[in-house]
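[1] sequence-free structure coming up:
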Ligand SMILES: Cc1ncc(COP(=O)(O)O)c(C=O)c1O
């Protein structure tokens, strides 16, 4: 079927984190703003997901559910094989309600208090809290930024990996917020350094299905058998199919010993084993029947990025648009306006009246940037940009 992503869907009275006025007041101290912050889409979900959920609701019983059913496990494994050319054993799949809680528990399982973990800022901000709030030390391998392009500082990465206290590297691939889809060559170099220095890789690939045309996403674990063994891959249908509220993700751990250790943390020590009944249904329908929707939504997102780039280039001469390669998150550099982060925040919220994610929360290198979620009807994105343009006059 042909989807209409221009359609505005009313999210009021859905307790939406992104749209609810109480939520907005809590996050931004105002609800008089248009939201483009948190990473979920304002689009209708795939029709097969909606139909499967309706069918499940009609059963009229919503008791505990279980996920180690062939329909669930095969849906995940088949998606990895079909879309990402990775053959996995269904035993490798560990359910988690989310990648953020899983990251915290991976840190608890595979490192000790006082040990060090590498991340690559500016990067998804819950990585910072997951590391620091668990008493581990943060090692920041800040990305290089030159000529509106991000690259990895490998020398710095190697130096940090060599530290005997470094136990883990949390990779964000594709990278949120800078939008890089790392090349196989870049990933191989990171993986080799980790192998040489006995550093475990947690590869957060939640955005792995959101790849723009012309780019190829390489699943970290597919690069070599050695990489596969030294990598814990975090994946989910949540970003791909706009079902984040249904809280279902999968942590793929090929190494049996590591899987046992993680299962002990997640199930025995934290009591997490019962997935959301609707999450399971949505995952199965999305992975088995959602591809047509995904291919259409990617085209729409790509056209939104094109619109945004043209708008910025034509109407905001002091703002830089960073060409994205993946995700649906635009990363804009406002540094040439000369505002402090506080001034930029006030400007967006009070003058332009748009709620974006301020770059500073993504750590070093994020200062003066803003992240805009473009997974919304184009009319909304246009309104966002007109508000910013008018506020700058
Ligand atoms: C890189 C990355 N990891 C994890 C998440 C969230 O994961 P979850 O909702 O499964 O906890 C996001 C959400 O934006 C993300 O961008």
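    That came through fine. Predicted model, so just to flag it, every value in this text is computed and none were measured. Numbers count the residues shown, from 1 in each chain.
[2] I figured residue 233 hits residue 208, correct?
    No: with contact defined as CB atoms under 8 Å, residue 233 does not count as touching residue 208 (9.1 Å). All C-beta atoms are positioned from the backbone trio N, CA, C, and that covers glycine.
[3] what touches both of these two?
    residue 219 (CB atoms under 8 Å, 6 or more residues apart in numbering).
[4] write out the residues of the stretch 51-200 of the chain neighbouring the ligand.
    Contact residues (CB under 6 Å from any ligand atom) of the stretch 51-200 of the chain with the ligand: 98, 99, 100, 124, 172, 176.
[5] how does it look with 8 Å?
    Contacts of the stretch 51-200 of the chain with the ligand, taken as CB under 8 Å from any ligand atom, map to 96-103, 123-124, 126, 172, 176.
[6] and the furthest pair within these?
    Largest separation among these by CB to CB: 97 and 123, giving 21.9 Å.
[7] show the average pLDDT along stretch 349-359.
    In this model, stretch 349-359 has a mean pLDDT of 98.
[8] quick one, which of residue 97 and residue 123 is more surrounded?
    A direct count of neighbours by other CB atoms under 10 Å for residue 97 and residue 123 places residue 123 higher, at 26 against 18.
[9] any low-confidence regions in the stretch 251-393 of the chain?
    Counting by pLDDT under 70, the stretch 251-393 of the chain contains no low-confidence segment.
[10] could you redo the last one with a cut-off of 90?
    For the stretch 251-393 of the chain, applying pLDDT under 90 flags the ranges 393.
[11] show me where it has helices.
    With DSSP state H, counting those that start in this stretch, the ranges of helices along the stretch 251-393 of the chain come out as 256-263, 277-289, 291-315, 341-346, 378-392.
[12] of all these, which one is nearest the ligand?
    The ligand sits nearest to helix 277-289 of all the helices of the stretch 251-393 of the chain, at 10.7 Å, using CB to the nearest ligand atom.
[13] residue 319 contacts residue 335, doesn't it?
    No: counting by CB under 8 Å, residue 319 sits too far from residue 335 to count as a contact (9.0 Å).
[14] more neighbours, the two?
    Neighbour tally, residue 319 and residue 335, criterion other CB under 10 Å: the higher count belongs to residue 319, 19 against 15.
[15] for the more buried one, which residues are in contact?
    312, 332, 333, 334, 336, 337.
[16] ok, residue 4 next?
    Contacts of residue 4 by CB under 8 Å, 6+ apart are residue 44.
[17] pLDDT at whichever residue of the stretch 51-200 of the chain sits closest to the ligand, what is it?
    Relative to the ligand, the nearest point of the stretch 51-200 of the chain is residue 98 (2.8 Å; CB to the nearest ligand atom). Per-residue confidence (pLDDT) for residue 98: 98.
[18] doesn't residue 249 make contact with it?
    Yes: counting by CB under 8 Å, residue 98 does reach residue 249; the two are 5.6 Å apart.
[19] now the common contact residues for these two.
    Common neighbours of residue 98 and residue 249 (CB under 8 Å, 6+ apart) are 236, 238.
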